[in-house]
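Peer 1: heads up, no residue letters with this:
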C-alpha cells in the first residue's frame, strides 16, 4: 500500500469571518505525513438572567480550581494558535511530537507508549506524554464566538474543571440560509444574544449545549442550587443529595438543565463527574459522552486526565470505524461511520424525535473539523493510508469539498491488533458475542484468555492481538460488522433510554415537553428534506413524481 503524501502546511487568509465549521484564522500547519500523532413546552420557560462579568463571589479553593483550569486551557489554545500561525513552529512541534511519542519504546509496535500504559493519575499538563499532546482536540474557532462561549462557565460559582460546547448551536449542520432573522425571532430563543452568536448561528437561533465536568457532584449541585435554583426542577427541593443520586445512579451519569438563560443566551448544560467521563472515554461503558466527543466540540476548559482519556477515545473510534468499513473507502464514509457510532443504539433515532439525516448533516458540513480531529491519528496507524495523490492548494485541509480516498490493510494480524485495542468494556462485550458464536464453554474461554496473557506478557500488555482476536478479525466482514453493531447497540441502548426517561424528573415536564416538540419538528424537517431531495433526483432521472408525468 502506498501512503499518499500530505502537505506540510495549510493556510487560510487572515481575518475571514466564518461562523460555520471553517476556522477564521490561519489554518493548522502540520507535517501530517511525518507525525505519528499531532500533539500538538408550550411556552418558553422563564429563566433568570445573569451578568457578563465574572462573579466576584468566587473565592478560596473553588475559585483557584476554576482559574487553574482556565489557565491550562489558555496554554492549549496558545499552542494551537502557534501551530496555525507559523509553519516553522508547526513543523518543530510535529518533530517534537514524533520524538516524544516514540521515546522509550523497546518493542517495535504501532501502538504508542502512552496508549498501552496510560498514566491516568496525572495532575498537570506537564505530565502528558509530550508538550503538545492532544492539541488536535482543540478546534480552530471564531475568536469572538469562542470568547462568548468561554464566558458562560464563569457565571457558575460552583467549580467547573472541564467544559465543552457541542451540537448544532455551535457547529451548524446545514448550509447557510442567507436569511436574516428578525429581532423577535432572535429574542424568542436568545433574549439578548451577542452579535457573535447571531453570526455563528447564521439566521437560525438555537439553544447552545454544554457539558460541565466536575470533581464532586453533590458538592457542585449544592453550590449551584444556591446560586441558580431556577435552573432546576422540583427535584431540587429534596436537596443536592437527591439530585446527585439521580445523576449518578440513573442513566449515563449526566444531569441536564435545559432552557436556562445565561448572559442573554439560551443554553442547556449537562453535569458529569470527571471520573464518570474518564471511564466512558477509556472503556466505553455507556458511550453516551464518549460518542459526543467523537464529533467536533469546542473545549472551553481543559483537564489533563480528560485530554489523555479523550485521545484514547478518538483512536478507539477510528479503529472501530475501520473494522466496520471495507478495504477502500472515502474520508466522508470514514467520518460518517465514526459519527454514527453513538447513534446506532440511541432510542431517539428509532422515534420521530430526531432528524433522520443527522449523521449526514454533521459530517457534510464539518469535514474540515473532522480532519482536524482525525488526520493526525490516521497517520499513527500502519494499516490505513490515503491513496489519493497530493491534493492541490495549500488550504485543502479546510476545503469542505475535498473527499479523499483511503485504503486499509485487511491482514488478520493487524486487524486482530485493532480488536485487542478496543476499549475494555466494549471489547469484553464483543468477546462474549464471539464466545457464543463459536459455542465455546465459559471455562474454556476463561482458560484461553488466561493462557494468552501468560503466553506473551509483553505482547498482551502492549495490547497485541492473539489467536482469538485473529479469529474475530478473520470472520466474514459482514458478520463482523453485524456483531460490532450489536455490541454498540447493547452499550448505548439502556443508558441512553434511561437517560431520556429521567428527563421529566430532572428537567420538569414542561421543559421536557418543549424539548420533545423541538426534536419532533427537526424530525419532520429532515423527512421533508429527504422527500424533496428524492423528488429532485427523480426529476433529474426522468422519474415521475406522485401524481406527475414522466419527463420526455
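Peer 2: Right, received. Where do you want to start? All values derive from a computational prediction rather than experimental measurement.
Peer 1: And the pLDDT for the nearest residue to residue 330 once chain neighbours are set aside?
Peer 2: Once flanking residues are discounted, residue 330 sits nearest to residue 403: 5.2 Å by CB to CB, 6 or more residues apart in numbering. The way it works is simple: take the backbone N, C-alpha and C, and place the C-beta from them, glycine included. Listed pLDDT for residue 403 reads 91.
Peer 1: now swap in residue 348 and tell me
Peer 2: For residue 348, the model assigns a pLDDT of 67.
Peer 1: try residue 454
Peer 2: 56.
Peer 1: Would you mind measuring from the residue nearest to residue 330 to residue 332?
Peer 2: Per CB to CB, to the nearest Å, residue 403 is found 5 Å from residue 332.
Peer 1: which residues are in contact with both of those two?
Peer 2: In terms of CB atoms under 8 Å, 6 or more residues apart in numbering, residue 403 and residue 332 are both contacted by the residues residue 367.
Peer 1: Provide the secondary structure category for the residue nearest to residue 162 when sequence neighbours are not counted.
Peer 2: Once flanking residues are discounted, residue 162 sits nearest to residue 213: 3.2 Å by CB to CB, 6+ apart. Look at residue 213: counting by DSSP: H, G, I helix; E, B strand; the rest coil, its state is strand.
Peer 1: Give me the neighbour count for residue 213.
Peer 2: 26 (other CB atoms under 10 Å).
Peer 1: With residue 201 instead?
Peer 2: Residue 201, neighbours per other CB under 10 Å, totals 23.
Peer 1: With residue 144 instead?
Peer 2: Residue 144, neighbours per other CB under 10 Å, totals 17.
Peer 1: Tell me how far residue 343 lies from residue 179.
Peer 2: Here the criterion is CB to CB. By it, residue 343 lies 29 Å from residue 179.
Peer 1: Tell me where the model's unsure across the stretch 351-500 of the chain.
Peer 2: 351-356, 390-395, 451-463 (pLDDT under 70).
Peer 1: So the residue nearest to residue 330 belongs to a helix, correct?
Peer 2: No - judged by three-state DSSP, residue 403 forms no part of a helix; its state is coil.
Peer 1: Which strand residues bridge the residue nearest to residue 162?
Peer 2: Taking DSSP bridges, one finds residue 162, residue 272 as the beta-bridge partners of residue 213.
Peer 1: Roughly how far does it sit from residue 252?
Peer 2: Going from residue 213 to residue 252 by CB to CB gives 14 Å.
Peer 1: now residue 218
Peer 2: 18 Å.
Peer 1: Between these two, tell me which one has more neighbours.
Peer 2: A side-by-side neighbour count of residue 218 and residue 252, using other CB under 10 Å, places residue 252 first with 23 against 18.
Peer 1: List the contacts of residue 341.
Peer 2: 287, 291, 294, 317, 320-321, 488.
Peer 1: Which stretches in the protein count as strands?
Peer 2: 162-166, 208-214, 254-262, 265-273, 298-301, 328-330, 384-386, 405-408 (DSSP state E).
Peer 1: In CSV, list these along with distance to residue 376.
Peer 2: Converted to CSV, those look like this (distance: least, CB to CB, whole Å):
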stretch, distance to residue 376
strand 162-166, 19
strand 208-214, 23
strand 254-262, 29
strand 265-273, 26
strand 298-301, 16
strand 328-330, 19
strand 384-386, 13
strand 405-408, 15
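Peer 1: which stretches of the stretch 101-250 of the chain form helices?
Peer 2: Using DSSP state H, counting those that start in this stretch, the helices found in the stretch 101-250 of the chain span residues 113-116, 143-151, 183-189, 195-200, 217-227, 240-249.
Peer 1: List the buried residues in the fourth one.
Peer 2: Of the residues in helix 195-200, those with enough neighbours to count as buried (16 or more other CB atoms under 10 Å) are 196-200.
Peer 1: Tell me where the chain is predicted with low confidence.
Peer 2: Using pLDDT under 70, the chain drops low at 1-112, 176-178, 348-356, 390-395, 451-463, 507-509, 511-552.
Peer 1: for the closest residue to residue 198 other than its chain neighbours, what are its contacts?
Peer 2: Spatial nearest neighbour of residue 198, excluding adjacent residues (CB to CB, 6+ apart): residue 186 at 6.4 Å. Residue 186 is in contact with 193, 198, 205, counting by CB under 8 Å, 6+ apart.
Peer 1: Roughly how far does the last one sit from residue 186?
Peer 2: The spacing between residue 205 and residue 186, counted by CB to CB, is 5 Å.
Peer 1: got it, and residue 120?
Peer 2: Residue 120 is 43 Å from residue 186, by CB to CB.
Peer 1: Also residue 284?
Peer 2: Counting by CB to CB - residue 284 and residue 186 are separated by 39 Å.
Peer 1: One more: residue 346?
Peer 2: In terms of CB to CB, residue 346 sits 30 Å off from residue 186.
Peer 1: swap in residue 347?
Peer 2: Residue 347 is 33 Å from residue 186, by CB to CB.
Peer 1: Could you tell me how many residues sit around the closest residue to residue 502 other than its chain neighbours?
Peer 2: Using CB to CB, 6+ apart and skipping residues adjacent in sequence, the residue nearest residue 502 is residue 250, 4.9 Å away. Residue 250 has 17 neighbours, counted by other CB under 10 Å.
Peer 1: Residue 250: what's it in contact with?
Peer 2: Counted by CB under 8 Å, 6+ apart, residue 250 has contacts 498-499, 502.
Peer 1: any idea which of the residues you listed is closest to residue 165?
Peer 2: residue 499 (19.4 Å; CB to CB).
Peer 1: give the contact list for the closest one.
Peer 2: Here residue 499 is in contact with 250-252, 254, 288 (criterion: CB under 8 Å, 6+ apart).
Peer 1: hmm, back to that, what about residue 343 and residue 179, which has more around it?
Peer 2: Using other CB under 10 Å as the criterion, residue 343 and residue 179 rank with residue 343 on top: 17 against 10.
Peer 1: mind listing what the nearest residue to residue 217 once chain neighbours are set aside touches?
Peer 2: The shortest distance from residue 217 to any non-neighbouring residue, by CB to CB, 6+ apart, is to residue 244 (4.3 Å). Residue 244 sits next to 217-218, 221, 255 when contact means CB under 8 Å, 6+ apart.
Peer 1: Residue 254 bridge partners, please.
Peer 2: Under the criterion used (DSSP bridges), residue 254 bridges to residue 272.
Peer 1: is it true that it touches residue 271?
Peer 2: Yes - here residue 254 lies in contact with residue 271, judged by CB atoms under 8 Å, at a distance of 6.8 Å.
Peer 1: hey, what's in contact with both of those two?
Peer 2: 211, 247.
Peer 1: Nearest residue to residue 222 in space, please, no chain neighbours.
Peer 2: residue 240 is the one closest to residue 222 (CB to CB, 6+ apart), at 3.9 Å.
Peer 1: The one you found - how many residues pack around it?
Peer 2: 19.
Peer 1: Is it correct that it is in contact with residue 221?
Peer 2: Yes - assessed by CB under 8 Å, residue 240 is found in contact with residue 221 at 4.2 Å.
Peer 1: Isn't residue 464 up against residue 417?
Peer 2: Yes - with contact defined as CB under 8 Å, residue 464 reaches residue 417; the gap is 5.5 Å.
Peer 1: More neighbours: the two, which one.
Peer 2: residue 417 (26 against 20).
Peer 1: what sits against residue 506?
Peer 2: Taking CB under 8 Å, 6+ apart as the criterion, residue 506 is in contact with 233, 235, 243, 246-247, 255-257.
Peer 1: Kindly apply the preceding question to residue 501 instead.
Peer 2: residue 251.
Peer 1: Then residue 218?
Peer 2: 240-241, 243-244.
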